[in-house]
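Engineer: sequence first, then the predicted structure, then my questions.
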Amino acid sequence: MAPLLDVNNLTTHFYTQDGVVKAVNGISYSVDEGETVGIVGESGSGKSVGVMSLVRLIPTPPGKIVDGQVMFNGQDLLTLSKNEIRAIRGNKVAMIFQDPMTSLNPVLTIGRQISEAVELHLGMDKKQARNRTIELLELVGIPSAADRIDNYPHQFSGGMRQRVMIAMGLSCNPQLLIADEPTTALDVTIQAQIVDLVKRLREEIGMAIIWITHDLGLVAGLAQKMIVMYGGNIVEQAPVVDLYKNPRHPYTLGLLASLPRLDEDRPKKLLSIEGLPPDLVNYPQGCPFYARCNYRIDKCADTPPQLKEVGVKHKVACHVDVQTAKWTTEHPYEEFNLM
Amino acid sequence: MLAYIIRRILWSIPVLLLLTLTVFLMMRSLPGGPFDFVGDKSLPKSVVENLERRHHLDWPLAWQFSSYVLGDGITGGICTGLSFLPGCELVQAGARIGVSEGLIFGDLGMALKLRGRTVNELVAESLPISFQLGMVSMAIALIIGVPLGIMSALRQNSWVDYSSSFIAVLGLSIPNMVLGPLLIWIFPLTLGLFAIAGWGARPPFFLGFIPNIFDWEFWKHAILPAITLGTAFSATIARLTRASLLQIIREDYIRTARAKGLREQIVVVRHALKNSLIPVITVLGPLIVAVVTGTFVVEQIFGIPGMGKHFVTSIGNRDYTVITSVTLIYSVLLVTGNLMVDIVYGWLDPRIRYS
């Protein structure tokens, strides 16, 4: 069976005065129906731009999707007309965003903001939409929803606002929910509540989820498949257990080494990945991780590695095999800057 | 909300009183007086003295102010009771030939240079006309300015944006005294459209201000001066709307609205416009007040008997009562305008609440 979403060679660039920012450089992945995919990577790795490009929410100009194909239910979303893509947004593909403080319109009631999508996509009249909105607010755990429907966003706490965002995302029973760092702006207890809520709703509604985060621990219990992005590329892609047990990319190793672990006898010092992500305007010729890689070899400097299968559904883009290779350098970024 | 409005109105009373005192003192500290004529026109000394006595200008300043604010009746009463106060013999002598029943009773006094006219009469004649002209100008400014601003924000850095910026800068840069005569030359003189000068609307006005807007005579006279006044304001409003909308359109919640699949028009009108109008409303309050109280240049060019000329001529004439009174009226309107702006804020943005 064909996957729900099949992304092929998606490439998004921003044309700015300082040059072309190569934010996303040919990423390919797929999401099956009901599957949850976690995308991790540090800030500026192209995670957000990558998913916004799926439903063409990139501000154009300066952004432009220069290449690729996004097959959703057998339709290429990138070739649809404006009206056709609007019928998909918020309906079959819904999004929730990072900061619930700024993602809701301060001058409209939350009821209005949820029901407008319901009216638009499900063709309900005002009264039906209002009832549906109350149901949705109850579904996401807003107490006394019928009273709070006419409140404004500033009358809600951060966690409650994110629940409102989720209610908005789920309002039209989407097949795919794109969650762009939905817990980053929330404190840890609220994060756990939101993750539990999404898990429960996934079981009830059965939608597929793309969950973007830079918190590897958070998605571990949620996702079935993980995608690691670096410098606008997918560097590793694997079933979730595989990725944590058997990471194959030096960057993934670095990310995991920077996480604290509860199962160690003596806590080790957390390691950080030295250096900065690559300049997306003057994009490196070879591997984007070259400058920060402990395992780099000469080939990495000029030949960009391609994603290749290294296990069951496990793909990695690296010239060396980190399971057998030794470190070639102790402080890669310092040495790189001396070169 | 009502309590807030009442509190604001009560607070404005000391402000207005202080303002009246300031204008009163500043005008009187200028050299010269209303009856000083130079050269051939100079009056005999005795005539000047009589005129000054007639208008209480021989009184000490404090008593003059008291006469203006409280009226001659009360001022005279005070002096009868407290006759030991300095200058009271003059007040007692002059209060019988009263010039004012007092500001607090709505009497703005007598004009010094327009013999036999009260300031109330002058204002009643000229303020409605200035108000009508101002309102039509503001309507023109908004009808042109807001859509122009929206269009250029939505098509930022396109030819639409550049040409509307061009029009806006042009509108701002052409002074009224150039645009006014130019319009007169083009429309009435060359094309035979509209009136050259004067004002078409005749009293009585509805509620004292609103003319019959179905009367062509009104529009024939109003349209050219209103365009002259309105273009500069429309340029300001367009620039402001553009800047504000450009900022709002980059907000996260606009992206949320787009992610819902809403049409771009709905995103702009429902989600962006209300937020972006707040700075526009802020400048609109004082702007409207400035326009409805009369504008000297445009009223002069088009021969409109509005209030603008009283502002300017009364200073040169040292017509103390007229300048103090028209300034006071301007201030009352300004206070009201700002209060209205604050009320509109609360309607535009639910986060703003008054208690």
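Structural biologist: Nice, I can see it.
Engineer: quick one: low-confidence ranges for the chain?
Structural biologist: Chain wasn't specified; assuming chain A. Along chain A, segments meeting pLDDT under 70 span A:1, A:266-267.
Engineer: switch to chain B, that's the one I care about
Structural biologist: For chain B (pLDDT under 70), the answer is B:38-40, B:355.
Engineer: after the lengthiest helix in it comes which helix or strand?
Structural biologist: As assigned by DSSP state H, the longest helix anywhere in chain B is helix B:119-154. Toward the C-terminus, helix B:119-154 is succeeded by helix B:159-173 as the next helix or strand (DSSP states H and E).
Engineer: what's that next one packed up against?
Structural biologist: Packing contacts for helix B:159-173, counted by 3 or more C-beta pairs under 8 Å, 6 or more residues apart in numbering or on different chains; DSSP states H and E, involve helix B:119-154, helix B:216-248. Placement of C-beta: from N, CA and C, glycine included.
Engineer: output those helices as CSV; include the columns mean neighbour count and distance to A:Asp67.
Structural biologist: Shown next, in CSV, are the helices and strands packed on helix B:159-173 (neighbours: other C-beta atoms under 10 Å in any protein chain shown; distance: least, C-beta to C-beta, whole Å):
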stretch, mean neighbour count, distance to A:Asp67
helix B:119-154, 21, 28
helix B:216-248, 22, 30
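Engineer: those helices: which one's closest to A:Leu218?
Structural biologist: Among the helices and strands packed on helix B:159-173, helix B:216-248 comes nearest to A:Leu218, with 32.2 Å by C-beta to C-beta.
Engineer: that closest one and chain A in contact?
Structural biologist: No - Helix B:216-248 is not in contact with chain A by C-beta under 8 Å from any C-beta of the partner chain; minimum separation 9.9 Å.
Engineer: mind listing what A:Lys315 touches?
Structural biologist: For A:Lys315, the contacting residues are A:Ile234, A:Glu236, A:Gln237, A:Ala238, A:Leu307, A:Lys308, A:Glu309, by C-beta atoms under 8 Å, 6 or more residues apart in numbering or on different chains.
Engineer: among the residues you listed, which ones are in strands?
Structural biologist: In strands, defined here by DSSP state E, the members of the contacts of A:Lys315 are A:Ile234, A:Glu236, A:Gln237, A:Ala238, A:Lys308, A:Glu309.
Engineer: can I get these in JSON lines with distance to chain B and neighbour count?
Structural biologist: Below are those laid out as JSON lines (distance: C-beta to the nearest C-beta, whole Å; neighbours: other C-beta atoms under 10 Å in any protein chain shown):
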{"residue": "A:Ile234", "distance to chain B": "23", "neighbour count": "26"}
{"residue": "A:Glu236", "distance to chain B": "28", "neighbour count": "27"}
{"residue": "A:Gln237", "distance to chain B": "25", "neighbour count": "26"}
{"residue": "A:Ala238", "distance to chain B": "29", "neighbour count": "25"}
{"residue": "A:Lys308", "distance to chain B": "35", "neighbour count": "10"}
{"residue": "A:Glu309", "distance to chain B": "34", "neighbour count": "10"}
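Engineer: if you drop the residues flanking it in sequence, what lies closest to B:Val291?
Structural biologist: Leaving aside its sequence neighbours, B:Val291 sits nearest to B:Gly134 (C-beta to C-beta, 6 or more residues apart in numbering or on different chains; 3.7 Å).
Engineer: tell me, how many residues neighbour A:Ile142?
Structural biologist: Using other C-beta atoms under 10 Å in any protein chain shown, A:Ile142 is surrounded by 21 other residues.
Engineer: correct me, but it touches A:Met165?
Structural biologist: No - A:Ile142 is not in contact with A:Met165 according to C-beta atoms under 8 Å; the separation is 11.7 Å.
Engineer: buried residues of stretch A:179-193, list them for me.
Structural biologist: Within stretch A:179-193, the residues that qualify as buried are A:Ala179, A:Asp180, A:Glu181, A:Pro182, A:Thr183, A:Ala185, A:Leu186, A:Ile190, A:Gln191, A:Gln193, counting by 16 or more other C-beta atoms under 10 Å in any protein chain shown.
Engineer: endpoint to endpoint, it covers what distance?
Structural biologist: Stretch A:179-193 stretches 15 Å from its first residue to its last (C-alpha to C-alpha, to the nearest Å).
Engineer: that stretch vs chain B: in contact?
Structural biologist: No - judged by C-beta under 8 Å from any C-beta, stretch A:179-193 stays clear of chain B, getting no closer than 9.7 Å.
Engineer: how does chain B divide up, domain by domain?
Structural biologist: Using automatic domain parsing, the domain parsing of chain B gives B:32-117, B:121-348.
Engineer: closest to A:Val198 out of those domains?
Structural biologist: That would be domain B:121-348 among these, by C-beta to C-beta, at 17.1 Å.
Engineer: which of the domains of chain B is buried the deepest?
Structural biologist: domain B:121-348 (a mean of 19; mean count of other C-beta atoms under 10 Å in any protein chain shown).
Engineer: spell out which parts of the stretch 101-250 of chain A neighbour chain B.
Structural biologist: A:102-108, A:113, A:116-117, A:120-121, A:152, A:154, A:165, A:168.
Engineer: returning to that earlier point: the longest helix of chain B: how far from the chain's middle?
Structural biologist: Mean-position distance between helix B:119-154 and its chain equals 11 Å (C-alpha atoms, centre = their mean, to the nearest Å).
Engineer: give me the angle between it and helix B:216-248.
Structural biologist: Per axes from the mean of the first three to the mean of the last three C-alpha atoms, to 10 degrees, the angle that helix B:119-154 makes with helix B:216-248 is 40 degrees.
Engineer: show me what helix B:119-154 is packed up against.
Structural biologist: So helix B:119-154, by 3+ C-beta pairs under 8 Å, 6+ apart, packs with helix B:159-173, helix B:216-248, helix B:274-292, helix B:296-301, helix B:308-316, helix B:320-348.
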